[in-house]
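Sharing a model that was predicted from the sequence below.
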Amino acid sequence: MDFIFCLPIIFGCPTKVKPDADQPPRICPRCNNAAVYSAKSRLWFELCFVPLIPMKAKHVWICSICQWSVPLQQGWEPAVPGYGFQPGRGGVQQGAPSGYMPPPSGGYQPGYQPGYIDQNHAGQGQKPEGH
């Protein structure tokens, strides 16, 4: 009686990302959240989920929310929240985003009327008849 053993061999090359050091978060150019940090990205050869051989490493900026990443480049950094400038761009001021509009001062936004307000009795707080 012969026994045949089938031993699956699982291997792969995942990328592990490890933050460089404690640092203030930066502004992500894609999602505009303060969640970008510098990190070391390393590609590993794994056998049965055990990292064995480091294959390639590089330093990157990475956003922990949208997973945007870019290699570290000399003279460029993502903006620090609240300072309004990006180092490496000659001190160019960053204003509000191009589509930014401050919230309306009172009431509803122009053109918005909730369905439960009767146009004939607006401001009196009555529901329309027949509902």
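Okay, I see it.

C-alpha only now, for contacts and for neighbours.
Fine.

Number of residues surrounding Cys66?
14 (other CA atoms under 10 Å).

Does it lie in a helix or a strand, and which?
Applying DSSP states H and E as the criterion places Cys66 outside every helix and strand.

Model confidence for it, exactly?
pLDDT for Cys66: 90.

got a list of what it touches?
Contact partners of Cys66, counting by CA atoms under 8 Å, 6 or more residues apart in numbering, are Arg30, Cys31.

If we use 7 Å, what do you get?
Cys31 (CA atoms under 7 Å, 6 or more residues apart in numbering).

For Val17, name its beta-bridge partners.
Val17 has these beta-bridge partners by DSSP bridges: Ser41.

So it sits against Ser41, correct?
Yes: using CA atoms under 7 Å, Val17 is in contact with Ser41, at 4.5 Å.

Name the residue in these two with the higher neighbour count.
Ser41 (20 against 17).

List the contacts of that one.
Thr15, Lys16, Val17, Lys18, Ala57, Lys58, His59, Val60.

Just the buried residues of the residues you listed.
Buried by 16 or more other CA atoms under 10 Å: Val17, His59, Val60, out of these.

My guess is the last one contacts Pro71. True?
Read it as Val60. Yes: if you go by CA under 7 Å, Val60 and Pro71 touch, sitting 4.1 Å apart.
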